[in-house]
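Novice: Fold the following.
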Amino acid sequence: MDTSGQICTDEKFSPYVADIDAEKLKELYRLMYETRRFDDEATALQRQGQMALWAPSRGQEAAQVGSALGYAPNDYIFPSYREHALAHARGVDFRDLIRIFRGVDTCGWDPKKHNFHLYTLVLAAQVPHAVGYAMGLTFDREIEEKTGVPQTGQGQATVPDADDVPPAVAVYFGDGSSTEGEVHESMVFAASYNAPVLFFIQNNQWAISVPFKTQSRVPLATRAAAYGFEGLRVDGNDVLAVAAATRYAMEKIRAGEGPVLIEAETYRLGAHTTADDPTKYRTDEELDEAGKLDPIVRLEKHLRDTGAADDAFFAEVAAGADELAAGVRESVLASTAEELETYMNHAYAEPHAQLEADRAFYREYQAGFEDGE
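Specialist: This is a model prediction of the structure:
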């Protein structure tokens, strides 16, 4: 889909999205629009002192929603901290997601329920986790083939009604994270063990204040060749192109052909986080040009031009998104932090002497306030 909303055909990739009709595109539009409305509400809540920080995803909705179409329910996804649209597409409730940024929870949702891992705030730390998980899936299959005993890996066990396809893994990170050592090491291991993992890079052109041209002299997709697997570069503002590329990649991965890397070229229309001031390092002219590639505007043009949607549809989507955002606001304002001992309960699977000593100290400390000390 070009910037004017016209569908383009490609002999290799068009068949991968042939099933996406007008109704499905309207559903994708709704997911993208709702995410942006949620994003705006979260930014407002942070500005009003209700959250310490927020990481906007404005401009990256198509890369996330489009790629979500490539996954089976039993695939396991490792996000970073900006995959709000992807979380929405995987069924994560925005009211649960925002609890992390409110500081009242360490996760907010059950990763097993959605096969969507908790957000990772440490840059690129989720990438070796994802590759290790993918390697585990491979080892499980090898054990099953040798022993005939089913292995209950997390991705397989949590969604018994999933499509009859072997589970795989996808991990998301940005162009900034791509320069971290963890990414290089992870790709070496993924290639060495033929791990069923998709490396999905959202190249939003800025690593906080460092432009992409400073980070890399070549497209990130070309790095895959150095590790011995395929790399694809796709228009990350085109929801159909991203869906086609992701489905193609997951087909290769499930066939045992090893890892794949996708570089989705998009643009971060907002700040890196609400602690960032992008006016200090990019021009208004650049932002105006990037705004012309807005993925939501592009899809709306297509839906209108083809007669698939009219004013009534867009008004209904907007009203629904406002209602969703109001629910998020209400939930945030009503939320309170868990007791500290709640987190202690999740530190170790088995009783641990040091933890019990810490628990006793904490209880004694709290009791001191009750005695008026």
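Novice: Show me what the helix or strand hosting residue 63 is packed up against.
Specialist: Secondary-structure assignment from DSSP states H and E places residue 63 in helix 61-68. When contacts are defined as 3 or more Cβ pairs under 8 Å, 6 or more residues apart in numbering; DSSP states H and E, helix 61-68 sits against helix 22-47, helix 84-89, strand 197-203, helix 239-254, strand 260-265, helix 295-305. For every residue, glycine as well, the C-beta is placed using N, CA and C.
Novice: and those, which is most packed in?
Specialist: Sort these by mean neighbour count, taking mean count of other Cβ atoms under 10 Å, and strand 197-203 sits at the top with a mean of 28.
Novice: What pairs with that one, parallel or antiparallel?
Specialist: When pairing is defined by DSSP bridges, strand 197-203 lines up against strand 169-174 (parallel), strand 260-265 (parallel).
Novice: pLDDT (mean, whole number) over that strand?
Specialist: In this model, strand 197-203 has a mean pLDDT of 98.
Novice: C-terminal to that strand, what's the next element?
Specialist: The helix or strand immediately downstream of strand 197-203 is strand 206-207, counting by DSSP H and E.
Novice: neighbouring strands for that next one, and are they parallel or not?
Specialist: Paired strands of strand 206-207, with direction, are strand 210-211 (antiparallel) (DSSP bridges).
Novice: Give me the residues contacting the strand it pairs with.
Specialist: Residues from elsewhere that reach strand 210-211, judged by Cβ atoms under 8 Å, 6 or more residues apart in numbering: 176, 205, 282.
Novice: pLDDT of it, averaged?
Specialist: Mean pLDDT, strand 210-211: 96.
Novice: Offset the numbering so it begins at 774, please.
Specialist: Right, with 774 as the first residue, what we last looked at is strand 983-984.
Novice: what's the distance between residue 1136 and residue 974?
Specialist: Computed as Cβ to Cβ, to the nearest Å, the residue 1136 to residue 974 distance reads 46 Å.
Novice: do the same with residue 864
Specialist: Distance from residue 864 to residue 974, by Cβ to Cβ: 24 Å.
Novice: Centre-most residue in the protein?
Specialist: In the chain, the C-alpha nearest the mean C-alpha coordinate belongs to residue 856, at 3.0 Å (Cα atoms, centre = their mean).
Novice: tell me the contacts of it?
Specialist: Residues near residue 856 by Cβ under 8 Å, 6+ apart: 830, 837, 850, 892, 945.
Novice: Mind picking the two most distant members of these?
Specialist: Distance extremes for these: the farthest pair is 830 and 850 at 15.0 Å, using Cβ to Cβ.
Novice: which stretches of the stretch 1024-1146 of the chain have low pLDDT?
Specialist: For the stretch 1024-1146 of the chain, residues meeting the criterion pLDDT under 70 lie at 1144-1146.
Novice: repeat that with 50
Specialist: Judged against pLDDT under 50, the stretch 1024-1146 of the chain has no low-scoring part.
Novice: With neighbour count, distance to residue 1100 and pLDDT added, can I get the contacts of residue 856 in CSV?
Specialist: Listed next are the contacts of residue 856 as CSV, based on neighbours: other Cβ atoms under 10 Å; distance: Cβ to Cβ, whole Å; pLDDT from 0 to 100:
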residue, neighbour count, distance to residue 1100, pLDDT
830, 27, 19, 97
837, 31, 21, 98
850, 26, 24, 98
892, 22, 20, 97
945, 27, 26, 98
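Novice: would a markdown table of those with distance to residue 985 be doable?
Specialist: Listed next are these as a markdown table, based on distance: Cβ to Cβ, whole Å:
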| residue | distance to residue 985 |
| --- | --- |
| 830 | 18 |
| 837 | 19 |
| 850 | 24 |
| 892 | 23 |
| 945 | 17 |
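Novice: ok, those vs residue 916, which is closest?
Specialist: Closest approach to residue 916 among these (Cβ to Cβ): residue 850, at 23.9 Å.
Novice: Am I right that the closest one falls within a strand?
Specialist: Yes: assessed by DSSP: H, G, I helix; E, B strand; the rest coil, residue 850 belongs to a strand.
Novice: Show me what it is bridged to.
Specialist: Beta-bridge partners for residue 850, by DSSP bridges, are residue 889, residue 943.
Novice: so it touches residue 884, yeah?
Specialist: No: judged on Cβ atoms under 8 Å, residue 850 makes no contact with residue 884 at a distance of 9.2 Å.
Novice: joint contacts of those two?
Specialist: residue 890.
Novice: mind saving the C-alpha coords of stretch 840-859 as PDB?
Specialist: The C-alpha trace of stretch 840-859 is given here as PDB (Å, rounded to 0.1, in the frame of the first residue of the first chain):
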ATOM      1  CA  SER A 840       3.400  -8.100  12.100                       C
ATOM      2  CA  ALA A 841       0.800  -9.500  14.600                       C
ATOM      3  CA  LEU A 842      -1.000 -11.000  11.700                       C
ATOM      4  CA  GLY A 843       2.000 -13.300  11.100                       C
ATOM      5  CA  TYR A 844       1.900 -15.100  14.400                       C
ATOM      6  CA  ALA A 845       0.000 -18.200  15.600                       C
ATOM      7  CA  PRO A 846      -1.500 -18.100  19.100                       C
ATOM      8  CA  ASN A 847       1.200 -20.500  20.300                       C
ATOM      9  CA  ASP A 848       4.000 -18.300  19.200                       C
ATOM     10  CA  TYR A 849       5.800 -16.500  22.000                       C
ATOM     11  CA  ILE A 850       6.500 -12.800  21.700                       C
ATOM     12  CA  PHE A 851       9.300 -10.800  23.500                       C
ATOM     13  CA  PRO A 852       8.600  -7.100  23.300                       C
ATOM     14  CA  SER A 853      10.800  -4.200  24.500                       C
ATOM     15  CA  TYR A 854       8.800  -1.300  26.100                       C
ATOM     16  CA  ARG A 855       7.000   0.400  23.200                       C
ATOM     17  CA  GLU A 856       5.000  -2.400  21.600                       C
ATOM     18  CA  HIS A 857       1.600  -1.100  22.700                       C
ATOM     19  CA  ALA A 858      -0.200  -1.900  19.400                       C
ATOM     20  CA  LEU A 859       1.300  -5.400  19.300                       C
END
